[in-house]
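In: I need the structure of the sequence given here:
(chains A, B and C)
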Amino acid sequence: MSGFAQDQWYVAAYTQEVGTELLARTVCGEPIVFYRKSTGEVIGLFDRCAHRRYPLSEGHLSDDQLVCGYHGFTYDGTGVCTYVPGQKRVPRTARVISYPVAELDSFVWVWIGDPANADVTTIPRAPWMDHENWTTVSGMEPLDARYGLLIDNLLDLSHETYLHGGYIGTPEVAETPTTTEVDEAASVVYVSRRMTDVECPSFYARSTGITGRIDRWQDIEYHAPCLYLLHSRIAPTGVAPGADGDDSGAAHAEIVYAVTPSTETTTMDFWGVARDFARDDVSVSEFLFSNNREVVMQDVVALNLLEKVIATEPDGYQELSINIDTGGLAGRRMLQRLTEGVAPIPVPTA
Amino acid sequence: MSGFAQDQWYVAAYTQEVGTELLARTVCGEPIVFYRKSTGEVIGLFDRCAHRRYPLSEGHLSDDQLVCGYHGFTYDGTGVCTYVPGQKRVPRTARVISYPVAELDSFVWVWIGDPANADVTTIPRAPWMDHENWTTVSGMEPLDARYGLLIDNLLDLSHETYLHGGYIGTPEVAETPTTTEVDEAASVVYVSRRMTDVECPSFYARSTGITGRIDRWQDIEYHAPCLYLLHSRIAPTGVAPGADGDDSGAAHAEIVYAVTPSTETTTMDFWGVARDFARDDVSVSEFLFSNNREVVMQDVVALNLLEKVIATEPDGYQELSINIDTGGLAGRRMLQRLTEGVAPIPVPTA
Amino acid sequence: MSGFAQDQWYVAAYTQEVGTELLARTVCGEPIVFYRKSTGEVIGLFDRCAHRRYPLSEGHLSDDQLVCGYHGFTYDGTGVCTYVPGQKRVPRTARVISYPVAELDSFVWVWIGDPANADVTTIPRAPWMDHENWTTVSGMEPLDARYGLLIDNLLDLSHETYLHGGYIGTPEVAETPTTTEVDEAASVVYVSRRMTDVECPSFYARSTGITGRIDRWQDIEYHAPCLYLLHSRIAPTGVAPGADGDDSGAAHAEIVYAVTPSTETTTMDFWGVARDFARDDVSVSEFLFSNNREVVMQDVVALNLLEKVIATEPDGYQELSINIDTGGLAGRRMLQRLTEGVAPIPVPTA
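Out: From the prediction side, this is the model:
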């Protein structure tokens, strides 16, 4: 049993990354090789040959079957071995794990845990990622840091002011208190920050065309362990959603992170920004892609450094938590519960 | 006591590598500095000064004696210290180990174990390496993998079909069953694969001039722990050795590997190919050198990767063995017996 | 409690290195960020934010206060937090250690231990480093080796003959016996080597203008744990100090090393050469700088190698000590006493 939450769906790749070339990814410490059969079906197999542990991702596909590059052991999409060298009989035990996989919202999800418990209807959704009414930019950056540091980071956006000043951070983000709610049954943490009559950061000023003071909402949903959604609303100050729910006076960005632990100290940081404004403006797409990637890389650099710091610290180093950490601490407790399988702990006030 | 077989001869270098320049090599975890005295004698000393552990290989020779590069402690070829700085009297305990060494078949062999037990007549032979009737190409590649992985590799040539396809591998190598015999008293494993009426791989087609179908014999002798011999016979299909032992209708290659553990996870891979055909054709020598080095590097890359895989696996990971592994498993058991000094275990059928 | 001598002053930087840019240095395993306030005062704070351990040296200064680059926690020069994001009240426990510091003899000294015990009058002195009657060249080289190896090195100058031959080493350095005295109360080791009628090494021949045979004195004072002084006197053979103490017939070099442990296996090697000859000759300054830096780098290369050797050795490897090691062994015992806080052990004869 690893130190990661089991019986959970994790994002392993974007759908377009998986084709007839073998793709090796490590998810929750498990090496997995992905490929797409000629039928279009995505296959995820344990990336170690049953024979001598050679990575299957070093082999090649032949008729939708995976041939090990060392001694030729051959596996079908269910992980059953169909050929071994030097003999006709294939041993019954010659097989590798085939992981449950699902393609949803532009992501390839993989189930880590008991396959019998895999239920695709429980995958948390991020429909904006490939919805016809939204325009999306996205990417993935590998992180040399434990995934919990990125969850901490995303649940406490006060860091935008300091780490991302000039990009998405303004003084008001750090100044504005947040509210936090936790749904233990659904394993979701909600953190909300509503800013009124504030400066518009360049990230939005250049992309939305809104030039004056704004009302800015940051409504976070963290679906533990893997999916983080930031519902971002930017509107000229005073423009509120209509009583009928119409909010066409505002610009919306759905910022999606899939945070997938790779090893104990490495992480895959899938990120996307979907928008409902300037949808056909390629220059806005290019700006949002490069600008958000910059922001992501600022986090990557900072968290890689923090990982190095923590790795040299004695166990049980001290932290000081304040009000803004309420969401992050709630996220940590939820991850701890999912990882250990214990009952939820009430969230104390910070 | 290290995890390596003790009281054994290992290959440390080619004879031409040892001269009046100091050569540092690590054999079975023991750092050794080699040099050749003006008399031609090869000396192997423990590569740490008795004073402050500085590597003697960083020093220099003076009148066939080795002067430490840090404080000038000076040693003769027997490892006895003959000079120390700042005083006339040299302490009796100022000495380092001098290893038994022997030059044979182009190799410098070194004895790892109790010097009292060293007997040069027990060194396994590879006479083709510097015999006047054979033409040889050779090299050495360092491996970032435990030496057992290379022994496994060499005792199961079915991997030629997959890892060395287009070089020395053809489908028949993987398809053809092998026979295995073990001589526990002599610490030798024999694995034989006799292929009849098969495709001639490019490695041999280009070097022997044989163009049609061939009979191909691969007769392995593994003299544990260090020396591996592959007697390779290639003949036009149907051409057999004469009753008088004459086999001039066939081409022969004697493929020699000396596999020397350096540290627990690094290895020196000495390789040679001796032939009795096209002996004066320099282009064949060049082809066999570059082609066999390619094959060796394919193994190096694969085994370095496998070492990384194993290093991250929990202890006691599972393997699945089949018939073709009989030779490799016999080699592993023999190494285990030599390392642990225990009685041999019968070889089960796979 | 670290493995370093506590309640001691260590050199962390040269004074000119500390300005309004943040300077991160690790001293005895403690990460410290240094900066200079607009008043000129040097500040040294623990380089980890109390909030989430982010290095404060990644932040910036604002009005002489240090702002964390992650979430904006802000500290004054005493280490007290004056601002946190998202709330008005700053928790009482939001503070980091502020280290006692002192500027003396061109160095920034920092106190490692209980601040209540810090007494700047106990700092050992190296007045030549910034004295108007002396001309000085200096530098700092980081070492990937434990600091004890550099103390060993400096207290046994017989290595000059071998490691620094052609620079400062001549055969007589290794040949000449030394005398050693230990002042346990003051934690000082004295090692003296007086050479008469010897060769003048190029280091001094080129810088002093003395061309013939010389008398050469090397009088070492090691103020454990950090400061090493080598009083070097070079004079034409037979020229002695006058009865009145006048020694103007000789050239003097005061060679200063501050040896600061950074981590268990890394060290800061601050070095300086002050001279009372050819004081205004820039070419002599340039020569002494580059030549002494070469010598320092020879030590760095050798000790980095020795560290690697030691790191792979089993605990309790053996050394052989001789007369020239008396000073080095005395230094080791003194460091052990300072580190462990135990009573001094008598110095045995080697």
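
In: any idea of the pLDDT on the nearest residue to residue A:209 once chain neighbours are set aside?
Out: The shortest distance from residue A:209 to any non-neighbouring residue, by CB to CB, 6 or more residues apart in numbering or on different chains, is to residue A:278 (7.1 Å). Using the backbone N, CA and C atoms, a C-beta is placed for each residue, glycine as well. Looking at residue A:278, its pLDDT reads 94.

In: And for the one 5 residues further on?
Out: Listed pLDDT for residue A:283 reads 94.

In: Count the neighbours of it for me.
Out: 10 (other CB atoms under 10 Å in any protein chain shown).

In: That one - that's part of a strand, no?
Out: No: remark: residue A:283 does not belong to a strand; assigned using DSSP: H, G, I helix; E, B strand; the rest coil, it is helix.

In: ok, it - contacts?
Out: If a contact means CB atoms under 8 Å, 6 or more residues apart in numbering or on different chains, then residue A:283 has no contacts.

In: Report the beta-bridge partners for the residue of the stretch 251-350 of chain A found nearest chain B.
Out: Closest approach between the stretch 251-350 of chain A and chain B, counting by CB to the nearest CB: residue A:263, at 8.4 Å. Taking DSSP bridges as the rule, residue A:263 bridges to residue A:266.

In: Repeat that for residue A:110.
Out: In beta-bridge terms (that is, DSSP bridges), residue A:110 pairs with residue A:10, residue A:101.

In: check contacts around it.
Out: Contacts of residue A:110 (CB under 8 Å, 6+ apart): A:9, A:10, A:11, A:12, A:27, A:32, A:44, A:99, A:100, A:101.

In: for chain C, what are the nearby residues on chain A?
Out: Within chain A, the positions adjacent to chain C are A:152, A:156, A:158-159, A:161-163, A:174-178, A:302, A:305-306, A:309-310, A:313, A:317-324 by CB under 8 Å from any CB of the partner chain.

In: doesn't the residue nearest to residue A:209 fall inside a helix?
Out: No: applying three-state DSSP, one finds residue A:278 to be coil, outside a helix.

In: how far away is it from residue B:99?
Out: In this view, residue A:278 and residue B:99 are 76 Å apart by CB to CB, to the nearest Å.

In: So which of the two has more stuff around it?
Out: When neighbours are counted by other CB under 10 Å, residue A:278 and residue B:99 differ, and residue B:99 comes out ahead with 24 against 18.

In: got the contact list for that one?
Out: Contact analysis of residue B:99 by CB under 8 Å, 6+ apart lists B:32, B:44, B:45, B:46, B:110, B:111, B:112, B:115.

In: what does residue A:227 give?
Out: Residue A:227 sits next to A:11, A:124, A:126, A:256, A:257, A:258, A:259 when contact means CB under 8 Å, 6+ apart.

In: roughly how far apart are the third one and chain B?
Out: Pointing back at residue A:126 there. Taking CB to the nearest CB, to the nearest Å as the measure, residue A:126 falls 32 Å from chain B.

In: Let me know whether that residue touches residue A:105 as I believe.
Out: Yes: using CB atoms under 8 Å, residue A:126 is in contact with residue A:105, at 4.6 Å.

In: of the two, who's got more company?
Out: Set residue A:126 next to residue A:105 and count neighbours by other CB under 10 Å: residue A:126 wins out with 27 against 21.

In: Roughly how far does the more buried one sit from residue A:27?
Out: For residue A:126, the distance to residue A:27 equals 18 Å [CB to CB].

In: Next: residue A:272.
Out: Counting by CB to CB, the gap from residue A:272 to residue A:27 is 19 Å.

In: and what of residue A:247?
Out: Distance, residue A:247 to residue A:27, by CB to CB: 37 Å.

In: Neighbour count: these two, which is higher?
Out: With neighbours defined as other CB under 10 Å, residue A:247 and residue A:27 compare such that residue A:27 has more, 25 against 15.

In: Let me see the backbone angles for the more buried one.
Out: The phi and psi values for residue A:27, taken as degrees, to the nearest 10, are phi -120, psi 120.

In: wait, isn't it in contact with residue A:13?
Out: No: look at residue A:27 against residue A:13 with CB under 8 Å: they stay out of range, at 9.6 Å.

In: and the end-to-end length of stretch A:26-46?
Out: Stretch A:26-46 has an end-to-end distance of 10 Å (CA to CA, to the nearest Å).

In: can you give me how far it is from the chain middle?
Out: Chain-centre distance of stretch A:26-46: 18 Å, with CA atoms, centre = their mean, to the nearest Å.

In: Now that stretch: average pLDDT?
Out: For stretch A:26-46, the mean pLDDT works out to 97.

In: Could you tell me which residues within it count as buried?
Out: Judged by neighbour count (16 or more other CB atoms under 10 Å in any protein chain shown), stretch A:26-46 contains these buried residues: A:26-28, A:30-36, A:42-46.

In: Among these, which one lies nearest to residue A:5?
Out: residue A:28 (7.9 Å; CB to CB).

In: Spit out the contact partners of the closest residue to that closest one other than its chain neighbours.
Out: Spatial nearest neighbour of residue A:28, excluding adjacent residues (CB to CB, 6+ apart): residue A:4 at 3.9 Å. Residue A:4 is in contact with A:28, A:29, A:112, A:225, A:261, A:339, counting by CB under 8 Å, 6+ apart.

In: Which two among the residues you listed are spaced furthest apart?
Out: Spatial extent of the contacts of residue A:4 (CB to CB) is set by the pair A:29 and A:225 at 13.6 Å.

In: Secondary structure element for residue A:31, which one?
Out: Residue A:31 belongs to strand A:30-36 when assigned by DSSP states H and E.

In: Report the separation between the two terminal residues of stretch A:39-53.
Out: Stretch A:39-53 stretches 28 Å from its first residue to its last (CA to CA).

In: same check, this time on stretch A:45-52
Out: Termini of stretch A:45-52 sit 16 Å apart (CA to CA).

In: Noted, bye for now.
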